[in-house]
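Peer 1: just need the structure, nothing else, for what follows:
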Amino acid sequence: MSLEITTVSDDAGRRLSVAGEVDVSCADELRAAIDAQIAEGVTGELVVDLAEVPYIDSTGIGVLVGAAHRVSEAGGTLVVARPQRNVARVLGLLGVQADLNIREA
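Peer 2: Reported below is the predicted structural model:
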């Protein structure tokens, strides 16, 4: 299964909408998309919308946590938005909610 990542930039900031399963086979694609946004400069929020992600493994979560730290170092904030219930549950079990600034909207 492939990963689809759509980027939207507006006055409110940048949003990466992710669709598909985020696992070891495609985590590099997500990392590259986030790193491209960081390279352009992040001063506000970079939102990673996971509404269309039914599954994420530890590799995908590691990508998000690492990205949160890199975005913070660049002067911005990474926000994970709208995770599906099972994805939110895994993030909660791993205790990364604070690092990922999880929002329902």
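Peer 1: grab the nearest non-local neighbour of V87.
Peer 2: Spatially, and ignoring its direct neighbours in sequence, V87 is nearest to I56 (5.3 Å; CB to CB, 6 or more residues apart in numbering). Glycine gets a C-beta too; all of them are placed from N, C-alpha and C.
Peer 1: list phi and psi for the one you found.
Peer 2: In terms of degrees, to the nearest 10, the main-chain angles of I56 are phi -140, psi 140.
Peer 1: go on, T7?
Peer 2: phi -110, psi 130.
Peer 1: can you pull out the helices in this protein?
Peer 2: 27-40, 58-73, 85-94, 97-100 (DSSP state H).
Peer 1: which helices and strands does the second one pack with?
Peer 2: To tie it back to what came earlier, the one meant is helix 58-73. helix 27-40, strand 45-52, strand 77-81, helix 85-94, helix 97-100 (3 or more CB pairs under 8 Å, 6 or more residues apart in numbering; DSSP states H and E).
Peer 1: lovely, talk soon.
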